[in-house]
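J.: show me how the following folds:
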Amino acid sequence: ATDTSGTDAGTTGGDSGSTTGGGDASSHGPLASTGSNALAIGLGSLSLLGLGTALVLHARRKGLLAFGTPKH
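T.: Numbers count the residues shown, from 1 in each chain. Prediction:
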């Protein structure tokens, strides 16, 4: 009698890898869904850019920000 308890033909393998990472039904690629939203990142960066511009303009009008003395 031979012991065949630890062998198989290789047909009972693991996962096929066809699941989506975050459970999002709209993504069908092999990458995981990280939950980032490009629109939110874009709007956040535009708002920070606008805030920085407003602060620079305000500081220049108040005389708090000057790049050298003007020569007349």
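J.: quick one: T53 from L64, how far?
T.: 15 Å (CB to CB, to the nearest Å). In this view, the C-beta of every residue, glycine as well, is placed from N, C-alpha and C.
J.: I misspoke; the intended subject was V56.
T.: 10 Å.
J.: the two - which one has more neighbours?
T.: More crowded of V56 and L64, by other CB atoms under 10 Å: V56, with 11 against 8.
J.: and the more buried one, what's its pLDDT?
T.: pLDDT recorded at V56 is 89.
J.: tell me, how many residues neighbour S33?
T.: For S33, using other CB under 10 Å, the count is 13.
J.: in three-state terms, label it for me.
T.: Classification of S33 using DSSP: H, G, I helix; E, B strand; the rest coil returns coil.
J.: for it, phi and psi?
T.: The phi and psi values for S33, taken as degrees, to the nearest 10, are phi -80, psi 120.
J.: ok, it to L51 distance?
T.: Here S33 is placed at a distance of 30 Å from L51 (CB to CB).
J.: likewise for K71?
T.: Distance from K71 to L51, by CB to CB: 32 Å.
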